[in-house]
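give me a model of this one.
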Amino acid sequence: MGNNNALRNFLLTLSGIVLLFCLSVPSLSGAIQSVLYSSLRFVGLGWVATMLDISNILFWLAATALIVMGIVFSITDATKEGKQPNWVIVGLAGGAWFLSAIKMFVPFMFWIGFLILPALVVAMYFLYAGNRHIWNNAAAKLASYMLIGWLIVYWDRDFNVIIGLTSINMSTFGLLGGWIAVAAAIYICVWSGKLKVLLDAAGQAGCQMLFIGAILYAVASFLNGIPFLNIVGFLVAIAAWVLALIGYIRLMASKSFGTMGNKPGLVMLIAHCVGILSFLPLFGTLGVVGIGFGWLLAAMGLAKAQLK
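Numbering: from 1, shown residues only. Here you go, the predicted structure:
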């Protein structure tokens with residue numbers, strides 16, 4: 001039970017850190033929005049600014065809730081066992097969260113993301129380093145890597161795109177957000193092959209579809225940053241979406257997730273479809289968080305399953 005709780009706490013904290021990482025990427029659109037929202041507040045229309053920024057606020061609240069749950073549960077469990085919590089992780093995650101709050105609510109502080117990103121990367125490093133004991137098998141750890149990659153890809157898809165398919169992002173300095181999404185898709189391809197061989201036939205088929213889908217999402221994100229090729233990126237992203245949909249359906253048939261059954265694949269499938277409505281404030285956040293929760297369930301199930 002102790003390892004199960006530790007894995008749960010780890011995955012909650014990791015998910016929150018990755019969401020905060022995504023939200024902290026500095027962007028040109030973020031700078032323009034900051035000026036707009038500040039102007040609205042200056043003329044007494046602060047409520048309009050809040051409504052316009054509701055998607056980012058909901059996303060930030062989701063990241064906050066995950067980090068708080070993971071850290072509070074970790075501290076509680078450590079106290080029960082007479083151990084010291086990992087205060088380095090608490091400090092790094094807490095400090096990055098504080099800076100993200102400044103970036104979120106203080107006008108013209110969008111640039112502070114350049115300070116937040118390295119702090120969160122270091123926090124992730126120490127999070128993994130301090131939890132080496134929780135991995136019962138390689139598959140569960142690989143699923144946590146997939147969680148990181150897919151959270152970033154879906155953040156780019158659900159927050160920087162039209163109906164979850166193609167980019168309209170005014171993008172970041174040097175298309176930073178798009179390049180991060182491309183890197184995340186490549187990261188997924190690297191680890192999905194290693195995870196695939198540890199799953200049953202249905203799980204392998206699902207991972208194969210997700211592998212190809214990730215490649216196509218990387219291509220789509222790249223093309224979206226090139227003028228006049230956006231339409232090609234749009235078509236490639238549609239193909240990626242369909243392949244990912246098939247992948248999640250096949251994951252639902254996998255027996256590799258043990259007692260979790262078809263829940264990981266089902267949650268991912270629902271979140272994948274919800275992303276189509278990401279132009280509505282709540283749905284973008286639900287789509288991204290849902291994908292993360294699906295991979296959290298996958299990692300939890302794989303940790304307890306007997307794999308080949």
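
which intervals of the stretch 151-300 of the chain have sub-threshold pLDDT?
160-175, 225 (pLDDT under 70).

report the longest helix in the protein, please.
helix 54-80 (DSSP state H).

could I get the buried residue list for that helix?
When burial is assessed from 16 or more other CB atoms under 10 Å, helix 54-80 yields the following buried residues: 55-56, 58-60, 62-64, 66-71, 73-75, 77. For glycine as for every other residue, the C-beta is placed from the backbone atoms N, C-alpha and C.

for Tyr154, which residues are in contact?
Ala271, Gly275, Gly287, Val288, Ile291 (CB atoms under 8 Å, 6 or more residues apart in numbering).

angles on the backbone of it, please.
Tyr154 adopts backbone torsions of phi -70, psi -30, taken as degrees, to the nearest 10.

repeat that for Asn136.
According to degrees, to the nearest 10, Asn136 has phi -80, psi -30.

neighbours around it, how many?
As a burial measure, Asn136 scores 16 neighbours (other CB atoms under 10 Å).

and it, how far from Met300?
11 Å (CB to CB, to the nearest Å).

quick revisit: which secondary structure elements does the longest helix of the chain contact?
Applying 3 or more CB pairs under 8 Å, 6 or more residues apart in numbering; DSSP states H and E, one finds that helix 54-80 contacts helix 2-24, helix 87-105, helix 281-304.

what sits against Leu216?
By CB under 8 Å, 6+ apart, the neighbours of Leu216 are Val236, Ala237, Ala239, Ala240, Leu243.

and which of those residues is nearest Val106?
Using CB to CB, Ala237 comes nearest to Val106 of the contacts of Leu216, at 34.1 Å.

name the helix or strand for the closest one, please.
Assigned by DSSP states H and E, Ala237 falls within helix 230-252.

in the helix or strand following that helix, what counts as buried?
Following helix 230-252 in sequence order, the next helix or strand is helix 263-274 (DSSP H and E). Residues of helix 263-274 classed as buried: Lys263, Pro264, Gly265, Leu266, Val267, Met268, Leu269, Ile270, Ala271, His272, Val274 (neighbour count, 16+ other CB under 10 Å).

of those, closest to Leu20?
Ala271 (18.8 Å).

from Arg157, how far off is the closest residue to Leu223 other than its chain neighbours?
Spatial nearest neighbour of Leu223, excluding adjacent residues (CB to CB, 6 or more residues apart in numbering): Gly233 at 3.4 Å. Gly233 sits 12 Å away from Arg157, going by CB to CB.

and this protein, what are its domains?
If you go by automatic domain parsing, the domain ranges for the chain are 1-134, 136-308.

so what's the backbone phi/psi at Thr83?
Check again: residue 83 is Lys, not Thr. Dihedral angles for Lys83 - degrees, to the nearest 10 - are phi -110, psi 170.

mind checking how far it is from Gly94?
For Lys83 relative to Gly94 (CB to CB), the value is 19 Å.

among the two, which residue is more densely surrounded?
Gly94 (15 against 9).

tell me the pLDDT of the more buried one.
In this model, Gly94 is scored at 89, pLDDT.

same question for the one 10 residues further on.
Model confidence at Met104, given as pLDDT, is 77.

which residue packs closest to it, ignoring adjacent ones?
Trp60 (5.4 Å).

wait, that neighbour touches Trp97, no?
No: Trp60 is beyond contact range of Trp97, at 9.2 Å (criterion: CB atoms under 8 Å).

quick check: neighbours shared by these two?
By CB under 8 Å, 6+ apart, the residues touching both Trp60 and Trp97 are Leu20.

phi and psi next, for the most centrally placed residue in the chain.
Nearest to the mean C-alpha position of the chain, counting by CA atoms, centre = their mean, stands Leu151 at 2.1 Å. The phi/psi pair for Leu151 (degrees, to the nearest 10) reads phi -60, psi -40.

any chance of CSV for the helices and strands packed on helix 54-80, columns distance to Leu229?
Output for those, formatted as CSV (distance: least, CB to CB, whole Å):
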stretch, distance to Leu229
helix 2-24, 24
helix 87-105, 31
helix 281-304, 25
